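K.L.:
Quick one, fold the following:
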Amino acid sequence: MSTATLDTQTGSRLLANAAASKPRWERAVPVYGFPVVNRFFVALLAMTGLAFVLTGYRELAGLGPVSGMNDAYGWGIWKTFNVMVLTGLGSGAFAVGIAPWVFRRKRLHALMRMALLTSFLAYACGLLLLGIDAGRPWNFYWIVFPWKWNMHSPLAEVAICMSIYATIPLAIENIPPVLERLWYFDSRLRPGVEKFERRLHYFFPWIIAAAYLLPGMHQSSLGALMLLAGERVHPLWQSPWLPLLYLGAASFMSFGCVAGATMLCCVMWKRAMDMEILDEAARITAWLIFGWLGLRLLDIVFRGALGTAFHADRFAGVFWLETFLIAGGGWMLWRSLRTHKTQTMFLGYVLSSLGGMIYRFSPTTLAFRPNPESLYFPTTIEILVSFGFICMGVAGFLLVVKRFGILPAPLQEWHNMAAYFRFRRPYIRWTGYFEHGFFSDDELEREQQLELTDSD
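P.N.:
Numbering: from 1, shown residues only. The predicted structure follows:
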């Protein structure tokens with residue numbers, strides 16, 4: 001055999017070993033070895049409790065004494081930030097879900113559970129605050145009587161779509177991790193779990209279709225709402241393309257939320273990162289950002305509003321701030337595809353998402369000009385309630401990822417969890433947890449034998 005052939009075979013083996021050594025996200029694994037209740041979690045619960053107490057006071061006192069809203073600014077941060085901004089940030093189930101299911105980017109299936117959970121929590125918290133912001137909460141029961149709906153309200157379609165989306169498609173799509181835990185931890189429940197899963201699988205195509213239709217409708221409708229404001233919204237933001245721009249901003253923001261949160265969790269809980277999947281997400285996010293920026297700048301130029309971007313006022317400052325944040329984030333994401341630096345990628349997600357949040361917030365507050373004398377600034381109670389409900393969402397996320405398989409990880413992490421529970425909680429053997437799937441004793445013994453053989 002020639003030397004060239006040997007070198008080729010050796011090089012091929014080295015490349016194969018290098019590819020095999022890269023971490024691969026193969027399944028979702030609960031976060032184990034870290035307590036659910038710690039100081040940070042208690043602080044989140046304390047802020048949530050304070051928010052509920054202040055919410056009770058708001059229901060008794062009304063909106064006037066607790067908010068900074070007035071005749072000119074009829075929407076406070078509970079709508080303009082927690083609903084307009086945070087539901088856009090939490091649209092990962094829509095944006096990330098389209099990539100693997102419609103555009104066949106199958107690698108991104110590993111991020112779907114993170115996307116579904118963050119979306120459900122963002123929408124749940126937003127809907128609760130939407131109800132708290134209702135001027136006459138004692139009429140809220142009308143929601144179950146369609147003939148009492150105000151069909152002339154521009155918020156009606158948004159409220160209906162958001163409510164249906166959060167309570168049906170999003171809630172149902174988050175059921176599989178619960179079924180998985182029930183199946184593994186209690187063998188008596190397995191027949192019922194399998195039966196329920198088969199029925200759920202039958203309806204899933206319809207659920208997924210609704211999960212794409214409903215968020216596409218209400219995210220664009222949130223932008224369409226501001227078309228009604230006319231000239232009260234600054235020309236840099238007021239555009240007939242506002243519905244599409246709102247939907248596009250939600251797309252790249254939610255990618256940043258899902259991928260960025262996954263990377264942060266991997267660092268916090270010492271999980272391996274699958275760079276192929278993260279690179280795929282960064283590539284899609286960068287293209288979304290560049291396409292969105294191109295559409296927005298072309299719209300501003302053709303409407304003749306570009307000159308206002310160079311005025312010495314706060315509107316021009318906000319415009320350039322959000323533009324540089326979004327463009328800088330997109331550039332850093334594109335650069336990370338070449339350098340493979342996770343710090344650059346994470347910072348790109350943070351900057352682009354922050355710029356998108358400012359953009360979604362601007363038409364309702366920062367760029368809204370009802371009259372020269374009017375001013376809105378949220379009160380302390382508004383800020384505490386808004387922050388408290390965000391803390392509730394974060395606490396819910398921490399609880400779920402430590403109890404259910406949400407965070408993606410290599411298969412070895414699943415085996416490591418089995419070894420951890422064998423040592424720390426030997427009573428778990430009574431449930432039959434290790435008798436099925438990847439917890440099989442025979443499989444673990446075979447892997448240990450292979451490891452010993454490799455070491456020899």
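K.L.:
Mind naming the longest helix for the chain?
P.N.:
Using DSSP state H to define each element, the chain has its longest helix at helix 190-225.
K.L.:
Just give me how far that helix sits from the chain centre.
P.N.:
16 Å (CA atoms, centre = their mean, to the nearest Å).
K.L.:
any idea which helix or strand comes after that helix?
P.N.:
The element immediately downstream of helix 190-225 (helix or strand, assigned by DSSP states H and E) is helix 242-268.
K.L.:
what's the longest helix of the chain packed up against?
P.N.:
helix 86-89, helix 92-101, helix 154-165, helix 171-173, helix 175-185, helix 242-268 (3 or more CB pairs under 8 Å, 6 or more residues apart in numbering; DSSP states H and E). In short, each C-beta sits where N, CA and C put it, glycine included.
K.L.:
The same query, at a cut-off of 6 Å, please.
P.N.:
helix 154-165, helix 175-185, helix 242-268 (3 or more CB pairs under 6 Å, 6 or more residues apart in numbering; DSSP states H and E).
K.L.:
how much space between the closest residue to G230 other than its chain neighbours and W292?
P.N.:
Nearest residue to G230 in three dimensions, chain neighbours excluded: Q238, at 7.4 Å (CB to CB, 6 or more residues apart in numbering). Distance from Q238 to W292, counting by CB to CB, to the nearest Å: 17 Å.
K.L.:
So which bits of the longest helix of the chain are buried?
P.N.:
193, 208, 210-212, 214-225 (16 or more other CB atoms under 10 Å).
K.L.:
shouldn't L411 be in contact with E26?
P.N.:
Yes. At 4.3 Å, L411 and E26 qualify as touching, with contact defined as CB atoms under 6 Å.
K.L.:
Domain map for this protein?
P.N.:
Structurally, the chain divides into domains by automatic domain parsing as follows: 36-409, 414-456.
K.L.:
Dump these into TSV; add distance to P30 as well.
P.N.:
Compiled in TSV, these are given as follows (distance: least, CB to CB, whole Å):
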stretch	distance to P30
domain 36-409	5
domain 414-456	7
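K.L.:
Quickly, which of the ones you listed bottoms out on average pLDDT?
P.N.:
Across these, domain 414-456 has the smallest mean pLDDT, namely a mean of 55.
K.L.:
on that earlier part again, of the domains of the chain, which stretch is the most buried?
P.N.:
domain 36-409 (a mean of 18; mean count of other CB atoms under 10 Å).
K.L.:
starting at the chain centroid, how far to it?
P.N.:
Computed by CA atoms, centre = their mean, the chain-centroid distance of domain 36-409 equals 7 Å.
K.L.:
gap between the two ends of that domain?
P.N.:
19 Å (CA to CA, to the nearest Å).
K.L.:
related to what we said a few turns ago, closest to Y376 out of the helices and strands packed on helix 190-225?
P.N.:
helix 154-165 (18.4 Å; CB to CB).
K.L.:
packing partners for the closest one?
P.N.:
Looks like helix 154-165 contacts helix 190-225 (3+ CB pairs under 6 Å, 6+ apart).
K.L.:
which element is G329 on?
P.N.:
helix 314-339.
K.L.:
contacts for stretch 349-366?
P.N.:
75, 80, 84-85, 88, 226, 233, 237, 249, 253, 256, 259-260, 289, 318, 322, 325-326, 328-330 (CB atoms under 6 Å, 6 or more residues apart in numbering).
K.L.:
CA atoms only: put that stretch into PDB for me.
P.N.:
The C-alpha trace of stretch 349-366 is given here as PDB (Å, rounded to 0.1, in the frame of the first residue of the first chain):
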ATOM      1  CA  TYR A 349     -28.300  37.800  19.800                       C
ATOM      2  CA  VAL A 350     -28.500  40.200  22.800                       C
ATOM      3  CA  LEU A 351     -27.900  43.400  20.700                       C
ATOM      4  CA  SER A 352     -30.300  42.400  17.900                       C
ATOM      5  CA  SER A 353     -33.000  41.400  20.300                       C
ATOM      6  CA  LEU A 354     -32.500  44.600  22.300                       C
ATOM      7  CA  GLY A 355     -32.800  46.700  19.200                       C
ATOM      8  CA  GLY A 356     -35.900  44.800  18.100                       C
ATOM      9  CA  MET A 357     -37.500  45.500  21.500                       C
ATOM     10  CA  ILE A 358     -36.800  49.200  21.200                       C
ATOM     11  CA  TYR A 359     -38.400  49.200  17.700                       C
ATOM     12  CA  ARG A 360     -41.500  47.400  18.900                       C
ATOM     13  CA  PHE A 361     -41.800  49.800  21.800                       C
ATOM     14  CA  SER A 362     -41.300  53.000  19.800                       C
ATOM     15  CA  PRO A 363     -44.600  53.400  17.800                       C
ATOM     16  CA  THR A 364     -46.700  53.100  21.000                       C
ATOM     17  CA  THR A 365     -44.500  55.200  23.300                       C
ATOM     18  CA  LEU A 366     -41.100  56.600  22.300                       C
END
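K.L.:
ok so, going back, so the longest helix of the chain versus helix 92-101, what angle?
P.N.:
Angle between the axes of helix 190-225 and helix 92-101 is 110 degrees (criterion: axes from the mean of the first three to the mean of the last three CA atoms, to 10 degrees).
K.L.:
Now I164: closest residue in space that isn't a chain neighbour?
P.N.:
The shortest distance from I164 to any non-neighbouring residue, by CB to CB, 6+ apart, is to L214 (6.1 Å).
K.L.:
Pretty sure C161 is one of the things that neighbour touches, is it not?
P.N.:
Yes. Using CB under 6 Å, L214 is in contact with C161, at 4.8 Å.
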